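A.B. asks: any chance you could fold what I've pasted below:
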Amino acid sequence: MFKTIITGRLGSDSKIKEINDGKKYISFPVACTPFYGGDTVWCDVMYRSEREKLSDYLKKGRQVGLVGRLTFKAEEYQGNNRVRLTLWADELELLGENKE
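C.D. replies: Below is the predicted model of the structure:
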């Protein structure tokens, strides 16, 4: 299985979600800019954690490093086709300070 490593800043405060399997995940969007330049890419992150207190630190502007499995889903949005990226994170590291 391939692992994906990304770093970026949270686009909004994290939320706690319960998925079909009954497990709790901390969910948040992360903005990433490719190292070679180009447009910012948004990735939805799902991080499984029983430590709900962690979501208090995952606020808009916080820089994070993540490792996990990347999934793609094609969808239509306002008449345009687009791809939604979701990172199912196994590892999360808080980097730097919050910036809004």
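
A.B. asks: for the rest of this, base every contact and every neighbour count on C-alpha atoms.
C.D. replies: OK.

A.B. asks: find the nearest non-adjacent residue to the residue at minimal distance from the centre of the chain, please.
C.D. replies: The centre of the chain sits closest to residue 45, judged by CA atoms, centre = their mean, with a distance of 2.5 Å. If the residues on either side of it in the chain are set aside, residue 45 comes closest to residue 87, at 4.8 Å by CA to CA, 6 or more residues apart in numbering.

A.B. asks: so what's the one you found up against?
C.D. replies: By CA atoms under 8 Å, 6 or more residues apart in numbering, the residues touching residue 87 are 43-46, 68-71.

A.B. asks: out of those, flag the one nearest to residue 54.
C.D. replies: Minimum separation from residue 54 among these (CA to CA) is found for residue 46, which lies at 13.1 Å.

A.B. asks: how about the contacts made by that closest one?
C.D. replies: 25-28, 86-89 are the contacts of residue 46 under CA under 8 Å, 6+ apart.

A.B. asks: now render the residues you listed as JSON lines, adding secondary structure.
C.D. replies: Output for the contacts of residue 46, formatted as JSON lines (DSSP: H, G, I helix; E, B strand; the rest coil):
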{"residue": "25", "secondary structure": "strand"}
{"residue": "26", "secondary structure": "strand"}
{"residue": "27", "secondary structure": "strand"}
{"residue": "28", "secondary structure": "strand"}
{"residue": "86", "secondary structure": "strand"}
{"residue": "87", "secondary structure": "strand"}
{"residue": "88", "secondary structure": "strand"}
{"residue": "89", "secondary structure": "strand"}
